[in-house]
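Q: requesting a structural model of the entry that follows:
(chains A, B, C and D)
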Number of protein chains: 4
Amino acid sequence: MKMTKELLTLNQDIAGQEIGIPVYHIDSGSNENPTVYIQSAVHAAEMQGSAVIYQLIKMLPKLKLQANFILVPNCNPFGRTQRAGEYLQGRFDATTGNNWNRFYYYHKNIAKQFISSLKIKELVAGEYSSLDLRSKFRQYLKESIVHSINSEWGVNTAQYLNYKLQLLAANADYVIDLHTGPSSTRHIYSPDFLIDDALHFNIENIISIPPSFAGALDEASFTPWIDLGNTLKEYGIEFNYRVKAFTVELGSQENICLTQAFDDMAGIVNYMRSQQLVAGGPGIVKKAITVTPLTNYKTLFSKHAGMVEYLAKAGDRVLQGQTIARVLNSLEFDSDLGLVNITAPSSGIVILHYPSAAVQVGTQLYKIAVDEN
Amino acid sequence: MKMTKELLTLNQDIAGQEIGIPVYHIDSGSNENPTVYIQSAVHAAEMQGSAVIYQLIKMLPKLKLQANFILVPNCNPFGRTQRAGEYLQGRFDATTGNNWNRFYYYHKNIAKQFISSLKIKELVAGEYSSLDLRSKFRQYLKESIVHSINSEWGVNTAQYLNYKLQLLAANADYVIDLHTGPSSTRHIYSPDFLIDDALHFNIENIISIPPSFAGALDEASFTPWIDLGNTLKEYGIEFNYRVKAFTVELGSQENICLTQAFDDMAGIVNYMRSQQLVAGGPGIVKKAITVTPLTNYKTLFSKHAGMVEYLAKAGDRVLQGQTIARVLNSLEFDSDLGLVNITAPSSGIVILHYPSAAVQVGTQLYKIAVDEN
Amino acid sequence: MKMTKELLTLNQDIAGQEIGIPVYHIDSGSNENPTVYIQSAVHAAEMQGSAVIYQLIKMLPKLKLQANFILVPNCNPFGRTQRAGEYLQGRFDATTGNNWNRFYYYHKNIAKQFISSLKIKELVAGEYSSLDLRSKFRQYLKESIVHSINSEWGVNTAQYLNYKLQLLAANADYVIDLHTGPSSTRHIYSPDFLIDDALHFNIENIISIPPSFAGALDEASFTPWIDLGNTLKEYGIEFNYRVKAFTVELGSQENICLTQAFDDMAGIVNYMRSQQLVAGGPGIVKKAITVTPLTNYKTLFSKHAGMVEYLAKAGDRVLQGQTIARVLNSLEFDSDLGLVNITAPSSGIVILHYPSAAVQVGTQLYKIAVDEN
Amino acid sequence: MKMTKELLTLNQDIAGQEIGIPVYHIDSGSNENPTVYIQSAVHAAEMQGSAVIYQLIKMLPKLKLQANFILVPNCNPFGRTQRAGEYLQGRFDATTGNNWNRFYYYHKNIAKQFISSLKIKELVAGEYSSLDLRSKFRQYLKESIVHSINSEWGVNTAQYLNYKLQLLAANADYVIDLHTGPSSTRHIYSPDFLIDDALHFNIENIISIPPSFAGALDEASFTPWIDLGNTLKEYGIEFNYRVKAFTVELGSQENICLTQAFDDMAGIVNYMRSQQLVAGGPGIVKKAITVTPLTNYKTLFSKHAGMVEYLAKAGDRVLQGQTIARVLNSLEFDSDLGLVNITAPSSGIVILHYPSAAVQVGTQLYKIAVDEN
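A: Next up, the predicted model:
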């Protein structure tokens, strides 16, 4: 086991000073071991993952390592200096509104372009081994990203951040992107083909997403490999290698707790043990886990402006028609309209709610994992 | 001519007070005349259009009107109270980053759904007149929007604003959405099939866009009608009616000038005269106009952080390789790196540049209408 | 008992629409009864007081009223639309940084100016009754405020808001300004001469402040009357009337709870009962109360940037040298410097801490009511 | 002549990375020469001064230097990463609203405390030379600042920045703080006892301020020395040394121009020539200069919300009653109230106006140097 640290420059401020992110490399001693990439806080205020990476860095040296690790505990040097009142507005670029987590590199023809860069006769003849294809495609992906960053007209701030991070993540067989919600219970986004894997994180709620690209790192990590498998199938070649990638939501933003971070770390270690990436480490107490397809993961937008009391909290089970919140309207304190009840449109589990009592029409009040029927 | 005014409630603040937008209706006296919808300042700091609507409201009563008008001079009650330092951050929702101009209603199957709501036999038999189809589809569009707003789970803040505005705009045959750029010359986005029309606005630069939907009001206005024409063609029915819609960019944000607003108004009146919507009104001095396809309208993103002097100004013609800006780096004032030149990647016309000297890597420095070759 | 409501216009948005605040008047039926003024949410995100005023409006009609009431549940129409990410930045004007709670009207010579407006011979001869002086001075104060608002060069945004509110509050014998802290326990600012009164609010922590002016409403309410008493003493006249004013901090911002608001209301009713302003109403369970002079109410500013876990919570008693927080530094996860302990400089009661884990050097980490020695 | 550069660490971001400011030292070769301190951009968006320091660093090596220089071209590492839409909100701490230019160190008893640290008998006997007192007081000031920074409870973010800068500035005999206004003409704040000096900067408008402390660097630089002179006079000792300090406002924020920066630099060099700090350098074309006492430098606050056209520009002379702006009110476009004129309350020179057309009641519309009468 060898741990090294680099400071990767991603940003400069207007005085020209370079601002970087710490990147920890933990080497198991063998290049043939798989690589695990874990990053945290791409939305800067979502800091619990940073505490989890702290616990991982304390724990991993005590384990038997069967993988190499790249750990990036504060991956957004743009967002982490952007203050908004007492909080950190690190969700999107304050100039453009671009979400720092939606501009990873993906091109729907990338697998086809890659294959057209190979010698087709040899490919069809099976002369490329699976390992060979894997390593060549990985290289092709990284070169495509570099090419975009260096293009004549350049890339925007969010692309720049995402592409630079992706150059690290593209080396990995496992990609774990640590986030939090606003006022949120723990949950995990897993591609539908990895639900059995995802159970080992021991997180109560799994949102099952289709294996397609909508801008985030997990999707950008596994989608090209699915494309590659599909395209090779057209050539009669079976190629089953997939990058495994997850977005893990570790409770609420603007907050860290090291004790809870130890438990969060234990769940990640449990997953890695299940994949033979490590041996040893802390045990876990298995939790009951609910899996909800993305189509049933619903957002309730407010139809009222006002001051909201959230009666249903993150993690609560609610029933259709149950009053989950009530809205004060100070123009109507002398009438019955001074307090309006909000009810759940369907039964399900409250995953998160808005972190402020102050809402307007259209504010995302609740996200609920709705029961299937 | 009759002018009426309503205050349309769109927002409430958290005390429950309703906040609305003034909507001016100018009635030519005949329902059979076409309708013109003009709105301004959906990005709240883009105020020059409000001054233009002021000039229109002063001018229109003096003209012969052959159209009815709906004029909305300050259409964003959310953005116009959102301060950011001394400026107005009205480009996107400060909570979500959602651009206030990218969430208009559109559904790619809407023409098909509409047709399936008709009696197919009668349709194929040509028993629906063109006017009839036009009025029924308009009604169908508006009902679809209302249905979305009232849906059980609701819509987000930007959808709410956009849908409510679109319910007004959907009544119109002509839709003009008045914007400005950051530090910008006047230009206009016109769908490619309306370039000849667009010349009559007498604005130096036209960006020609494909007739498809990317979220904005102009696109949301004409795309469903193109879809309807295409779908009816599958039934052997020719249907050529199109809503004509444009986004007009009236110089720079955070600024109004009533004198210039008179000229801007004269260009709009000139367009309306060319369409027989009005008769009379101020003359114009014809300008040389450049039309650039959207694929040649390029953004130059900064590759440096620092303090920028913009040497090329909005409206300037630049040559490939010309120094258009230079970046000060205060860490290197004692070396040659203290001042870095930025050159134009291609020849063309500078349409706009960033409004602040303070930039980071990825900042949108310039937008240039690049020459075709 | 008669309740009336007015919408007092304080703001306009840039479209010209007037934005106001609801003001509830509850009339006991006698002008000779004292007047109680209660406002909430001058820092817009401090909303619990609005819920308390809701509970008061439900409760007061059930009590025997021996006072008249002016209740303003959302007194800041500027701040309550100012979004900052998911939160409300309503603490200061987003353009100037002016705290919405520091610009109330006060002039250190106002008592002298008032007296010089009287007939001095009659004054010295005792021909002005105490009640007469009280009513004349109240009138003089209000006219001075109006004069400032209407002055040729105008007043700034915070003065404008504060002066307009003060015109309401200046009618009152009792002024209660409802606030919250960031992550905070309940506490109350009381002028030192009213500590015995303040105990009846039944709030655990009282900060005792000197009776002088630092910009806030409580100070602006009682200081002129103290000045008047002192100045009249120079004329040999004893004048003991004082406006009684308090700032009450009801827990944490960005949050409301109606159940807790009922208890908060019961404390306020208890105070009013002790002053014979009401009879009847809910009972209270008396709490142990600590009084701390303002000089012992200390702010601990951070000496580290990083991500903080707050180990000591609002309301906790801490000992000098105790570790109350720890700071993660992600550049040093591979060394002992990755986690730095913060200790309490003195023993005392934690009144509040910063609401975000993300801090920089100079961030206000904790406010502690330090033990006297 | 020797130029050296250091990177002075002032800030850390939450990942723990240190963020600093470049400090250039230009050494004339003699410690006995006076020292000149020049800083820029303490309000981060006020960048023209950074360009001027660039020009100074290019020019000074060509001159005969009779002073040593400390040059800090981007002195605010907190503000310069704080984006607000497309602009930089670097005027105040985004969390507290504290103006980055109002928290320099000053203590009204500092001269007395210093003297009480001396041997009084020797002092009265004249055994301390003037040079000796100067150097001891400078040392005392710096130690007082260090003591505050290191105090147990710490200092706030703005104090931290200001104190650290002041530790550099306290070494200087001349202090020049480069700022800009919003939309502004060039002007200079000079203490009243230095007006004759200030004329040599060749800037059209001088605001003459009293030599007292209101938080800014110029005041914090000269006030303690005035206090020292006054206090020593009580001991019968004449002490005439004064630090000379100015705040120079170089046009408008959010903008740099290197050509104009050359002229600005020439003015500063002209001042330094007049003080025998340098010999040689570019000539100037003398301008007519108006001196206005601070009491006549008036702010016009808006009494209307709306969209403003600024008819009078920075630098214009206006007459009492002249229409200097007009306000559009989009709720009243159909009446005469749609456009409201704003007139100048007094005759004078427009120094600056607000940089946005969007204003509310209380917005600082204009600052005017009003004629004396």
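
Q: quick one: mean pLDDT for the longest helix seen in chain A?
A: Counting residues, the longest helix found in chain A (DSSP state H) is helix A:130-149. Average pLDDT, helix A:130-149: 97.

Q: so how far is it off the chain centroid?
A: 22 Å (C-alpha atoms, centre = their mean, to the nearest Å).

Q: swap in stretch A:21-32?
A: With C-alpha atoms, centre = their mean as the basis, stretch A:21-32 stands 21 Å off its chain's centre.

Q: now stretch A:116-135
A: For stretch A:116-135, the distance to the chain centre is 32 Å (C-alpha atoms, centre = their mean).

Q: got the buried residues for it?
A: Neighbour counts using 16 or more other C-beta atoms under 10 Å in any protein chain shown place A:Leu118, A:Leu123, A:Tyr128, A:Leu133, A:Arg134 of stretch A:116-135 among the buried residues. Bear in mind the C-beta positions are built from the backbone N, C-alpha and C, glycine included.

Q: stretch A:28-47 now?
A: Neighbour counts using 16+ other C-beta under 10 Å place A:28, A:33-47 of stretch A:28-47 among the buried residues.

Q: count of neighbours near the closest residue to chain C within the stretch 251-373 of chain A?
A: Across the stretch 251-373 of chain A, no residue is closer to chain C than A:Ser330, which sits at 4.1 Å (C-beta to the nearest C-beta). A:Ser330: 30 surrounding residues under other C-beta atoms under 10 Å in any protein chain shown.

Q: chain neighbours aside, what residue packs nearest to A:His43?
A: A:Arg91 (4.8 Å; C-beta to C-beta, 6 or more residues apart in numbering or on different chains).

Q: can you map out the helices along the stretch 51-200 of chain A?
A: A:110-116, A:120-124, A:130-149, A:157-169, A:195-198 (DSSP state H, counting those that start in this stretch).

Q: is the fourth one anywhere near chain B?
A: Meaning helix A:157-169. Yes - legend: contact between helix A:157-169 and chain B by C-beta under 8 Å from any C-beta of the partner chain is shown at A:Thr157, A:Ala158, A:Gln159, A:Tyr160, A:Leu161.

Q: follow-up on the earlier one: now, the most widely separated pair of the buried residues of stretch A:28-47?
A: By the measure C-beta to C-beta, A:Asn33 and A:Ala45 form the most distant pair in the buried residues of stretch A:28-47, at 34.0 Å.

Q: who's in contact with the spatially most central residue of chain A?
A: The residue lying closest to the centre of chain A (C-alpha atoms, centre = their mean) is A:Thr247, at 2.9 Å. Residues in contact with A:Thr247 (C-beta atoms under 8 Å, 6 or more residues apart in numbering or on different chains) are A:Asp177, A:His179, A:Ile188, A:Tyr189, A:Ala216, A:Leu217, A:Asp218.

Q: near chain C, which residues of the stretch 1-150 of chain A?
A: Residues of the stretch 1-150 of chain A lying close to chain C (C-beta under 8 Å from any C-beta) are A:3, A:5, A:7, A:22, A:24, A:44-45, A:47, A:50-51, A:53-54, A:57, A:73-74, A:80, A:84-89, A:91.

Q: what are the boundaries of the helices in the stretch 201-350 of chain A?
A: Going by DSSP H, counting those that start in this stretch, the stretch 201-350 of chain A shows helices at A:217-234, A:258-274.

Q: just send these back as TSV, with distance to D:Leu228 too.
A: Formatted as TSV, the helices of the stretch 201-350 of chain A follow (distance: least, C-beta to C-beta, whole Å):
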stretch	distance to D:Leu228
helix A:217-234	61
helix A:258-274	51
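
Q: among those, which is nearest C:Asp13?
A: So among the helices of the stretch 201-350 of chain A, helix A:217-234 is nearest, using C-beta to C-beta, at 39.7 Å.

Q: tell me the buried residues in that closest one?
A: A:217-229, A:231-232.

Q: hang on, the earlier thing: show me what contacts the residue nearest to the residue of the stretch 251-373 of chain A closest to chain C when sequence neighbours are not counted?
A: Closest residue to A:Ser330 apart from its sequence neighbours, by C-beta to C-beta, 6+ apart: C:Pro73 at 4.1 Å. Shown in contact with C:Pro73 (C-beta under 8 Å, 6+ apart): A:Ser330, A:Phe333, B:Ala15, C:Pro22, C:Tyr24, C:Gln39, C:Ser40, C:Ala41, C:Gly49, C:Ser50, C:Ile53, C:Tyr54.
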